[in-house]
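1. what shape does this take:
(one chain, ligands or ions: 3)
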Amino acid sequence: MRTHRPIFLTLLLGMTAGPMAGAADVVTIGASQDNTIFSENGASSNGAGDHFFAGRTKDGFLRRGLLAFDVDAAVPAGSQINSVTLTLHLSRTRTGNQNVSLYRVLSDWGEGTSHASGEEGTGSAAATHDATWTHRKYPSLVWSSAGGDFAATARATSVVSNQTGFYTWSSASMVADVQAWLNGTQPEYGWIVRSNETDTRVVKRFDSRTNPTTARRPMLTVDFTPPAATGACCATDGSCSVVLDPGSSCSGTYQGSDSLCTPNPCPQPTGACCLPDAAATCQAESEGNCTGLGGTFQGAFSSCVTAQCPVVLTPFLDPLPIPAVATPVIGFSGGSATYVISMREVQQQLHAQLPPTTVWGWGTGASGASSPGPTIEAAVGKSVTVNWVNDLRNTSAGGNPPPLRTTHYLPVDTCPHGALANADARTVVHLHGAHVQSAFDGHPDATYPPGQFAAYTYPNWQLPATLWYHDHALGITRLNVYMGLAGFYLLRDAYEKSLPLPSGEFEIPLAIQDRSFNPDGSLQYPAWWQEVFFANTILVNGKAWPYLNVKKGKYRFRLLNGSTSRTYALTLSNGASFQQIGAEGGLLPAPVTLNKITLGPGERADAIVNFAPYSTNTEIVLRNSAPAPFPGEPGVGVVPNVMKFIVTNQTGYTAALPATLRPMEVLQEADATQFREFHLEKGPGDACSPFLWFIRSVVGGTVVGEHWEDLTEFPELGDTEVWKFVNKSGMTHPMHMHLVMFQVLDRQAFEVVGGNIVPIGSPVPPPPHEAGWKDTVQVGPNEIVRVIARFENYAGLFPYHCHILEHEDHEMMRQFQSVATVPACQDGIDNDGDGRTDFAGGDPGCSSASDLGERAAHLACDDGIDNDGDGRADFELVTFNDGANGWSAGGGDRGCAGPGSFSESPHCQDGIDNDAATNDPEKAGTDWDGGLDAGRPPDPAGADPNCAQPYRDCERVSCGGCGLGFELVLLLPALLWLHRRRRGT
Ligand code: C2O
Ligand code: CU
Ligand code: CU
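-> Numbers count the residues shown, from 1 in each chain. Ligands and ions are numbered 1, 2, ... in the order given. This is a model prediction of the structure:
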């Protein structure tokens, strides 16, 4: 705003010749920066907040506001400042009259992206460049004296009462400051705003330049006399600048004497305007028109040829799909069972407005697949074997069946460690949350290309929980999971089933994942590795923004964040709460009422939502408010919709929830024998990348390991350890450990002072919803999180990593090696929970005192247990009957060659041709025979070309010539064998 006064002030300029001075003008300038500094914490700030504060709190802490104005951008050089008025809007106050004074700031300071929550009174963690009590610009530049550098005498003082509203400051000293800023004799560092710092509870809250109400933002009104008449000059990019009359220095279009730049009179150029539709429509518009059309302006002169407008889909058009329950080939769902599950490339419609999308899913039949894959239902103590088949075929190449893939579907950046130069569609399956031996854990190096499979046995000796399976291929996990390779694995036990919890149609797994699309429906993912990737559309169970019709009653949702980078902060749009009953590792001791559930990538929550109170047709949206990256800046990068619930007129599950769920063993820090420390941070890069994300093992202040190959942790089986994650970066890392479930001990903020980690305050124990068994935990910026875990049963290599898959594919994944020292069969502990202890105690899992594991020994052929889930236990004869397939057979376990066999699993010494997948006699072979092949020239592989050693766990096949449905062929020999065996042939 500017007004004109027909007063000539030539005399004030003291000139007798030269250009004639122009008319006095008034310009109102908004703050260029503002912030609050908080005396109690050298790392708190509120740069991007709606408010700033001055005065002393009830706890005795000081707040000071900082304000700066860009005077020389708004007032022509050479002007004479006549008067200056600062206007601030008071929006909250605890006391009456206080003197609030301005002091001239003497050094440069900054405003970052920190944004305190709620009333903003306590500030938030400083972001880069934020001013704090200690820092001029966090984290590297500090004030010469804490609390800010400013001239000792106040420049202006006004009384601020207990009435909210506008207050002004005006003085000759302020005129002098503004004149000095304009002339360049003082840098434009602005003023610091101080209130009563003696009494307590006197803080005044003013509105900041980022306040949503424009009229309440700080304003500096400057009355000045320009050195000569001026006018507005319009540049071709639509920007406006004030130049001297008659505009001879204007390189654009001069708007005439005394014309103004506020409001901007310049014609605005056009640019690409992205309209919010599924076709990703782009058209040339001016910025104003584009906004009017609901579009997103891509910048002046930008072109639709290069604009790459996003596909924007209408939310809540499609019903929520619920993944089918997987059907085993042997045994039954929910019990001991063997599955054949194939990863396949299929076309799946992800939204009504999109053409079908090529995804990678999982299928149990001869063809077909879905993403997420079918849900595996498992029971504690009943082992499940899955033949994970990589049957990825290039569906766009034609043919029936199409050829096995030799390349990935997505572009592969071969730079990240482990991504092979030949960029193929290698996969390996990890059951996330499973307590399983290393050979079946889906080690990231154990990948195999299309045409091969791996058989993994999950003993299911652990607490029931929401597990999930997903690809874990070194260097390309992000791509494989983004393509769709994920699914649920729900482990239950009789106790959990006895609890009154919603089940059947009232228990629904929800896999939440973000995806972006090209207008042809294909998935969009960057060709080159990026440290995070946030897509713009949310899928739940493989549909974009679906809806679910719900009955009036309670539902149990198994929530999974299956995204690569995105965190979700989930709320219900009507403000209703969730009852969280479980975390990653199973049930909590009791339900916890929460309004918001925040899940980082890999985390799960088992939560009840009650729709009983709502009238028919009520619509409730599951919303997300988590910024991306997380925790980030409020509102930035948020995709607000997840899915919608529509309440029908039917009554559902209405029983009361149990008050308690499952008693939990609380691990004790006093029992820990190892304390390990890990620093999460960016470090120097390599030939591929300007930096690398690291998990650095720190011992006694020294980094002892930081790479995947660096083995520095050797937990001993039976030991309890405390792992401390110190996040020295600006974003949250969801840290995941394989093999174990852990418990969060505590969290603590810290700051880095002179390179040292200095904790702030005392460690805080986890809130109740985080106090259960977990396998993934969020470690926030400048936060220390300690977890405690007991390492048990399985010796071997296991990964631990950040579950942001882009970080995991970088260098944020390492491995520990668990080692057995005291044989489990003489440790006096009932390790496998079968009620018997050790060798002397008669535990059938212990064949001798020196057995390394009671539980590992369950994989033996004389333990009375069906370890490989084929429906038969051990060597002795049992009856096997599969009614569904109409065939039956008798006999012991086909994986057991005799009662002393080490393992029931397919094995290179079980006497069985497990991999007879082809009819090629050259390839037929049984076990390892030391290189003596009947009817074939001797070769080092022995009778079975896939057995290089007698004790290999698995005769993995190389499936050259098999087509769709080769799993059935794979099973045929087993079926024939069963048949023959029954008939005694
Ligand atoms: Cu879900 Cu090692 O990962
Ligand atoms: Cu895992
Ligand atoms: Cu990370």
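
2. for the closest residue to ligand 3 within the stretch 151-300 of the chain, grab the count of nearby residues.
-> Per Cβ to the ion, Thr210 is where the stretch 151-300 of the chain lies closest to ligand 3, at 28.6 Å. Using the backbone N, CA and C atoms, a C-beta is placed for each residue, glycine as well. Number of residues near Thr210 (other Cβ atoms under 10 Å) recorded here: 17.

3. list the contacts of Asp686.
-> The neighbourhood of Asp686, defined by Cβ atoms under 8 Å, 6 or more residues apart in numbering, consists of Leu692.

4. that one belongs to a helix?
-> No - the assignment for Asp686 is coil, going by DSSP: H, G, I helix; E, B strand; the rest coil, so no helix is present there.

5. separation between Lys204 and Ser158?
-> From Lys204 across to Ser158, the span is 11 Å (Cβ to Cβ, to the nearest Å).

6. overlap in contacts, those two.
-> With contacts defined as Cβ under 8 Å, 6+ apart, the residues adjacent to both Lys204 and Ser158 are Val100.

7. and the residue in the chain positioned nearest to ligand 1, what pLDDT?
-> When distances are taken as Cβ to the nearest ligand atom, the chain reaches nearest to ligand 1 at His432, 3.4 Å away. Confidence at His432, expressed as pLDDT, is 98.

8. okay, it and Cys846: tell me how far apart.
-> 30 Å.

9. neighbour count: those two, which is higher?
-> Between His432 and Cys846, counted using other Cβ under 10 Å, Cys846 has the larger neighbour count: 27 against 24.

10. excluding covalently adjacent residues, which one is nearest to Glu285?
-> Spatial nearest neighbour of Glu285, chain neighbours left out: Cys273 (4.0 Å); criterion: Cβ to Cβ, 6 or more residues apart in numbering.

11. what of Val436?
-> Beyond its immediate neighbours in the sequence, the residue positioned closest to Val436 (Cβ to Cβ, 6+ apart) is Tyr458, lying 5.5 Å away.

12. quick check: Trp181 is in a helix.
-> Yes - with three-state DSSP as the criterion, Trp181 is part of a helix.

13. on that earlier part again, name the SS class of the residue nearest to Glu285, please.
-> What three-state DSSP gives for Cys273 is strand.

14. show me the contacts for it.
-> By Cβ under 8 Å, 6+ apart, the contact list for Cys273 reads 282-285, 289-290, 293, 295-298.

15. in JSON lines, list the residues you listed along with secondary structure.
-> What follows is these, written out as JSON lines (three-state DSSP):
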{"residue": "Cys282", "secondary structure": "strand"}
{"residue": "Gln283", "secondary structure": "strand"}
{"residue": "Ala284", "secondary structure": "strand"}
{"residue": "Glu285", "secondary structure": "strand"}
{"residue": "Asn289", "secondary structure": "helix"}
{"residue": "Cys290", "secondary structure": "helix"}
{"residue": "Leu293", "secondary structure": "coil"}
{"residue": "Gly295", "secondary structure": "coil"}
{"residue": "Thr296", "secondary structure": "strand"}
{"residue": "Phe297", "secondary structure": "strand"}
{"residue": "Gln298", "secondary structure": "coil"}
